[in-house]
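Visitor: just need the structure, nothing else, for what follows:
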Amino acid sequence: AGGPYQILVIPLLVETGRKPIVDRVLVVDCPESAQIERLMRRDGATESEAREALAAQAPRETRLSQADDIIDNGGPPGALAARVASLDGRYRTLAAKT
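Guide: The predicted structure is shown next:
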């Protein structure tokens, strides 16, 4: 892969354990209420089904405790771009040191 760094999307990383190829863990987080709302909207799920899907994952507190970096995705879409740009700068700096 090219570029100064790579991001692997591993939805169940916390549940399966950190792999040796992963240097940092980034968690994109939002409140549980937003997760439920988004699941219902995206999948056409009922609230019960959305809660069941979340229950199959590691608890939010566990994911956050395993994170080296966290992006808060609980606000409006426009707020996310600045957070991503900031983290990109940090990752580029870290990559230049290796």
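
Visitor: which residues of this protein score low on pLDDT?
Guide: 18-19 (pLDDT under 70).

Visitor: let's see that with 80 instead.
Guide: Per-residue confidence for the chain (pLDDT under 80) gives these ranges: 17-21, 77, 98.

Visitor: contact partners of the helix of greatest length in it?
Guide: In the chain, with assignment by DSSP state H, the single longest helix is helix 77-96. Defining contact as CB atoms under 8 Å, 6 or more residues apart in numbering, one finds that helix 77-96 is touched by Pro4, Tyr5, Arg24, Leu26, Asp69, Ile71, Asp72, Asn73. C-beta here means a position set from N, CA and C on the backbone, and glycine is covered the same way.

Visitor: repeat that for stretch 41-53.
Guide: By CB under 8 Å, 6+ apart, stretch 41-53 touches Gln35, Ile36, Leu39, Met40.

Visitor: in what helix or strand does the third one lie?
Guide: Assigned by DSSP states H and E, Leu39 belongs to helix 32-43.

Visitor: using CSV, write out the CA atom coordinates for whichever helix or strand comes after that helix.
Guide: Scanning forward in sequence from helix 32-43 by DSSP H and E, the next helix or strand is helix 47-55. C-alpha atoms of helix 47-55 as CSV (Å, rounded to 0.1, in the frame of the first residue of the first chain):
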residue,chain,number,x,y,z
GLU,A,47,-35.0,-0.3,18.1
SER,A,48,-34.9,-3.8,19.6
GLU,A,49,-33.0,-5.1,16.6
ALA,A,50,-30.5,-2.2,16.8
ARG,A,51,-29.9,-2.8,20.5
GLU,A,52,-29.4,-6.5,19.8
ALA,A,53,-26.8,-5.7,17.2
LEU,A,54,-24.9,-3.4,19.6
ALA,A,55,-25.1,-6.1,22.3
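
Visitor: buried ones in helix 47-55?
Guide: Residues Ala50 are the ones in helix 47-55 that count as buried (16 or more other CB atoms under 10 Å).
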